[in-house]
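Engineer: Quick one, structure for this:
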Amino acid sequence: MGESRNAYRVLVWRPEGKRPLGRPRRRWEDNIKMDLREVGYDGRDWINLAQDRDQWRAYVRAAMNLRVP
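Structural biologist: Below is the predicted model of the structure:
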């Protein structure tokens with residue numbers, strides 16, 4: 001995916017400006033990393049993992065099953 005595409009810019013966006021007091025807001029990417037850690041993925045490069053659709057789908061399903069009561 002090229003760096004000029006909107007999807008890529010949303011994916012790697014970093015907030016600018018001064019942060020308010022308290023805990024920093026969680027980004028979408030932070031939530032993905034946290035969910036992958038819960039299902040046992042220890043790799044840091046989750047973007048490359050998402051390129052393998054079958055493996056990514058398996059991790060997503062596992063993360064979704066954690067949320068079901």
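Engineer: what's the pLDDT at the residue located most distally from the centre of the chain?
Structural biologist: Most distant residue from the mean C-alpha position of the chain: Leu21, 24.3 Å away (Cα atoms, centre = their mean). Looking at Leu21, its pLDDT reads 86.
Engineer: now it: how far from Arg14?
Structural biologist: As judged by Cβ to Cβ, to the nearest Å, Leu21 and Arg14 stand 20 Å apart. In this view, the C-beta of every residue, glycine as well, is placed from N, C-alpha and C.
Engineer: Next: Arg27.
Structural biologist: As judged by Cβ to Cβ, Arg27 and Arg14 stand 8 Å apart.
Engineer: Comparing those two, which residue is more hemmed in?
Structural biologist: Neighbours were counted for Arg27 and for Arg14 using other Cβ atoms under 10 Å; Arg27 has more, 12 against 6.
Engineer: how about the more buried one, phi and psi?
Structural biologist: Backbone geometry at Arg27, expressed as degrees, to the nearest 10, gives phi -90, psi 170.
Engineer: which residues of this structure fall in helices?
Structural biologist: Counting by DSSP state H, the chain has helices at residues 6-12, 28-38, 46-51, 53-67.
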